[in-house]
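Enquirer: Quick one: sequence plus predicted model below, questions after.
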Amino acid sequence: MSLIRHFINGEEFGTPQRTGPVYDPATGKHQHDVIYGTTADVEAAIAAARAAFPAWRATTLTKRSHIYFRLRQLLAERSDELAALVTSEHGKVLSDAAGEVARGLENVEYASSLINLLKGEFSQQVSHGIDVHNVKEPVGVVGCITPFNFPVMVPLWMITSAIACGNTVVLKPSEKDPSATVLLAKIFMEAGVPAGVLNVVHGDKTAVNAILDSPGVDAISFVGSTPIARAIYQRASASGKRVQALGGAKNHMIVLPDADMDAAADAAVSAAYGSAGERCMAVSVLVAVAGSAQPLVDAIRTRIPKLKIGSGTTADSQMGPLITREHRDKVASYVKNAPAEGAKVVVDGSTQRFDSDGFFIGVTLLDNVKTDMKVYTDEIFGPVLAVVRVDTFEEALKLINENPYGNGAALFTRDGGAARQFEFEVQAGMVGINVPIPTPIGAFSFGGWKNSLFGDAHIYGPESINFYTRSKVITSRWPDPSESQIDLGFPRNY
């Protein structure tokens, strides 16, 4: 059984004082062990990052850009290898894993234009002989803490912008599927990023707390559940760190009676059950307005038996297992408790049996869900779709806006006026019109509102450049040559 080590200062590092298991979710087999970092391990990574910072900050923008073009090429060439690692430890099907790598590459491509992104501004002659300009400078060492559900994409959301801006990074990936992140760090080095600029430390809360508390870390980027995001924001900001902490979600998709019901049903199945629902942009609540409800429920029910669930490496699989046995059982408990809360179980995925010891579960469709039920209030993070029936579009919009989460929201309709009203009034950070999962492209920024975000900055895109840099404003005045007593070597009336 192989041991997954930290990657610090360009080398694999670490003595296994404590380890954790890494499973193959499709078989349930314990396939690797990963070292759990001590406070000393984390401090070693931070020290390497701090030592590498001055030289990396001084590296020219042109050279950084050349490295990023090389990085993009290497990641593309090894995308199949990265996707296979994701599938082996996370369980998602290979097509989903490949899509994750592709979405991560968007951020490498965006950050490759760092010469343009890091341009400052200049105002000449703001007063007699006085000019003013500003520059964007890196913040220093950035701690990046990423979740299990996207072990390639979410790290690339953070580290590409942070390193492009001249920072160095200590990355703490999920201990559940850590191998792809180590490979990412090695590819960054192969592209020309110097040792110590990107360091990877594995572990649990011991490693996380060491990053949050260390005075050697200047900024924190985090993606995870809302309770943890809130705690990380409070703890890190209390010690003076700059923090962006993206939390959980309860994403709603409204379907109006005029919508194309087949298109809406296809979108709901894909958005709710893709990647086994283990994504923060998954649709977990379907808000059916008036006459759309029953046709929509019927259309989704007829599609569910056609959904192929199996190992992520099987060519025709459309959904893989959940990440752990414990999480599978927790998801099943929500389904089993739903009837007692008053919901109607249209399709019960918790009772589906599989010829495998993997962490599989079937998909669930619940109807007549009310907003005080746990299947509505909790972030289940599994393949469970709850249908809430309302009478009007205004009622549906109010329901979304009163929800404590505000990550993503979608509307399916043919009515341009309703779409425009929804776009204007909905309280969510990312909005889809006839698009169920409105994750922005790399040139925009990703992030929600309300309890889906702690801090001011969304992740990747333009907001990430501002987060990972500090603005310095320089006001300068040079004596007029006519006032100088020094011979400048040219006429004083130039």
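Expert: Happy to help now that I have it.
Enquirer: which residues does G166 contact?
Expert: Contact partners of G166, counting by C-beta atoms under 8 Å, 6 or more residues apart in numbering, are W56, R57, T59, R64, E137, P138, T469. Where C-beta positions appear, they are placed from N, C-alpha and C, glycine not excepted.
Enquirer: hang on, I meant A164
Expert: For A164, the contacting residues are R64, Y68, A111, S112, L114, L117, by C-beta under 8 Å, 6+ apart.
Enquirer: Tell me which two of the contacts of G166 sit farthest apart.
Expert: When these are compared pair by pair using C-beta to C-beta, the farthest-apart members prove to be T59 and T469, with a separation of 15.0 Å.
Enquirer: between these two, which one's more packed in?
Expert: When T59 is set against T469 and neighbours are counted by other C-beta atoms under 10 Å, the residue ahead is T469, at 20 against 15.
Enquirer: Distance check, the more buried one against D218.
Expert: In this structure, T469 and D218 are separated by 11 Å, where distance is defined by C-beta to C-beta, to the nearest Å.
Enquirer: who touches both of those two?
Expert: Contact with both T469 and D218 is made by residues V139, according to C-beta under 8 Å, 6+ apart.
Enquirer: Among the contacts of A164, which lie within helices?
Expert: Among the contacts of A164, the members falling in helices are R64, Y68, A111, L114, L117 (criterion: DSSP state H).
Enquirer: thinking the third one is in contact with M158, fair?
Expert: Put plainly, it is A111. No. A111 sits out of contact with M158 when judged by C-beta atoms under 8 Å, with a separation of 10.8 Å.
Enquirer: The spatially most central residue of the chain sits in which helix or strand?
Expert: When the chain is reduced to its mean C-alpha position, the closest residue under C-alpha atoms, centre = their mean turns out to be V154, at 4.1 Å. Taking DSSP states H and E as the definition, V154 sits inside helix 153-164.
Enquirer: next structured bit after that helix?
Expert: Read in the C-terminal direction, the helix or strand following helix 153-164 is strand 168-172, with elements assigned using DSSP H and E.
Enquirer: Compute the mean per-residue pLDDT across that following strand, please.
Expert: Computed over strand 168-172, the mean pLDDT rounds to 98.
Enquirer: got the angle between that strand and helix 153-164?
Expert: 160 degrees (axes from the mean of the first three to the mean of the last three C-alpha atoms, to 10 degrees).
Enquirer: Name the strands paired with strand 168-172 and say parallel or antiparallel.
Expert: Looking at strand 168-172 with DSSP bridges, its partner strands are strand 141-145 (parallel), strand 198-200 (parallel).
Enquirer: Mean neighbour count, the ones you listed: which tops it?
Expert: With neighbours taken as mean count of other C-beta atoms under 10 Å, those reach their highest mean count in strand 198-200, at a mean of 29.
Enquirer: quick one: contacts of that one?
Expert: Applying C-beta under 8 Å, 6+ apart, the external contacts of strand 198-200 come out as 6-9, 45, 48-49, 159, 163, 168-173, 178, 181-182, 185, 188-189.
Enquirer: what do you get if the cut-off is 6 Å, keeping everything else the same?
Expert: Contacts of strand 198-200 with the rest of the structure, by C-beta atoms under 6 Å, 6 or more residues apart in numbering, involve 6-8, 45, 48-49, 169-171, 181-182, 185, 188.
Enquirer: Run a quick neighbour tally on T15.
Expert: 9.
Enquirer: Identify the residue nearest it in space, chain neighbours excluded?
Expert: I35 (7.7 Å; C-beta to C-beta, 6 or more residues apart in numbering).
Enquirer: for F446, same thing?
Expert: Distances taken as C-beta to C-beta, 6+ apart put I459 closest to F446, at 5.0 Å, once the chain neighbours are dropped.
Enquirer: How about R242?
Expert: Closest residue in space to R242, ignoring its immediate chain neighbours: A219 at 4.1 Å, by C-beta to C-beta, 6+ apart.
Enquirer: which residues does the one you found form a beta bridge with?
Expert: According to DSSP bridges, the residues that bridge with A219 are V142, R242.
Enquirer: What does the pLDDT read for it?
Expert: 98.
Enquirer: Now do the contacts for it.
Expert: V139, V142, K241, R242.
Enquirer: Looking at the residues you listed, which is nearest G91?
Expert: The shortest approach to G91 among these belongs to V142, at 29.1 Å (C-beta to C-beta).
Enquirer: quick one on the thing from earlier: could I get the CA-only coordinates of the helix holding V154 as CSV?
Expert: Extracted in CSV, the C-alpha atoms of helix 153-164 (Å, rounded to 0.1, in the frame of the first residue of the first chain):
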residue,chain,number,x,y,z
MET,A,153,-10.5,22.2,-10.3
VAL,A,154,-10.8,24.1,-7.0
PRO,A,155,-7.0,24.1,-6.4
LEU,A,156,-6.6,25.5,-9.8
TRP,A,157,-9.2,28.1,-9.0
MET,A,158,-6.9,29.4,-6.3
ILE,A,159,-3.3,28.6,-7.0
THR,A,160,-3.2,29.8,-10.6
SER,A,161,-4.2,33.4,-9.7
ALA,A,162,-2.2,33.5,-6.4
ILE,A,163,1.1,32.3,-8.0
ALA,A,164,0.6,34.4,-11.2
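Enquirer: can you pull out the strands in the stretch 351-494 of the chain?
Expert: The residue ranges that make up the strands of the stretch 351-494 of the chain, judged by DSSP state E, counting those that start in this stretch, are 364-367, 384-390, 405-406, 408-412, 430-433, 449-450, 453-454, 469-477.
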